[in-house]
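Student: The sequence and its predicted three-dimensional model are supplied below.
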Amino acid sequence: MKQNKYDEDGFFANYSQMPRSIGGLDAAGEWREFRAMLPELTGKRVLDLGCGFGWHCRYAREHGASSVVGVDISANMLERARAMTIDPAIEYRQLAMEDIDFADGEFDVVLSSLAFHYIEDFADICRRAYRYLAPGGAFVFSVEHPVFTARAAQDWHYGADGERLHWPLDDYHEEGARQARFLDNDVVKYHRTVSTQLNALLAAGFAITELSELPPTPELLAAWKDEFRRPMFLLVASRKPVE
């Protein structure tokens, strides 16, 4: 069964109070790195998987994309996205990522931000993205880092006085569902190793062009403090070869 936590009122209310939900892309710590991995967008047809409030969709149009389709399973997400968007070249569709169905070569860029760790079959998404991209098209995405998702607890090991001693890593090679806590709710996330994700891209036919584990900058260190004691995000850029 496809997960749709964002149409649960309590969860959506909590999500709406997150800094990135209020401040948009500039409030997302990984955005600067993710933005640098995106291709030139002028004249491009863009597909955003798990588009949420539509921040990336609007960014793409602001930077010259000819058209954008944003897909999300959540009616709440899309209601907010539509309310924030005044642009006939952006289309939002309520659809699970696992159910997308587009024409071969329909897009020049497929992107996704922090959504794929909610789906069970990542390899299938890679195959679909490859099929829907025109030759030379780019597939760029971010996910929670496997070091972060390996344990369901997704939390530090604390000392007697509540100090963060270390980030425990266990069951790394035991892939699959994790019953995690996020925004005070139970959420199912899917843990996959780094190699599993990269090999899924290669098996689909992509050439991997860039990887990032979000290296710390002075600004991020000031805002996130302990978060760089372990990787939190994995960002990947890949490309469909030109035939």
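Tutor: Ah, there it is. The shown structure was predicted, so the numbers you read here are calculated from the model rather than taken from an experiment. Numbers count the residues shown, from 1 in each chain.
Student: Tell me which residues are up against the helix or strand of the chain with the lowest mean pLDDT.
Tutor: None of the helices or strands of the chain scores lower by mean pLDDT, DSSP states H and E than helix 218-224, at a mean of 73. With contacts defined as CB atoms under 8 Å, 6 or more residues apart in numbering, helix 218-224 is touched by Gly29, Leu214, Pro216, Glu227, Phe228. The way it works is simple: take the backbone N, C-alpha and C, and place the C-beta from them, glycine included.
Student: Can you check my assumption that the fourth one lies in a helix?
Tutor: Spelled out, it's Glu227. Yes - Glu227: assigned to a helix according to DSSP: H, G, I helix; E, B strand; the rest coil.
Student: And the helices in this structure, which stretches?
Tutor: 9-16, 19-23, 31-37, 55-62, 75-83, 122-132, 146-149, 194-204, 218-224 (DSSP state H).
Student: which of those sits most buried?
Tutor: helix 55-62 (a mean of 22; mean count of other CB atoms under 10 Å).
Student: for it, packing partners?
Tutor: Packed against helix 55-62 by the contact rule (3 or more CB pairs under 8 Å, 6 or more residues apart in numbering; DSSP states H and E) you find strand 45-49, strand 67-72, strand 90-94, strand 107-113.
Student: Residue most distant from the centroid, the protein?
Tutor: Relative to the mean C-alpha coordinate of the chain, counting by CA atoms, centre = their mean, the farthest residue is Ala160 (35.2 Å).
Student: how near is that residue to Ser142?
Tutor: 36 Å (CB to CB, to the nearest Å).
Student: cool, Gly105 as well?
Tutor: For Gly105, the distance to Ser142 - CB to CB - is 24 Å.
Student: Counting neighbours, go ahead and name the busier of these two.
Tutor: Using other CB atoms under 10 Å as the criterion, Gly105 and Ser142 rank with Ser142 on top: 24 against 14.
Student: Much appreciated, bye for now.
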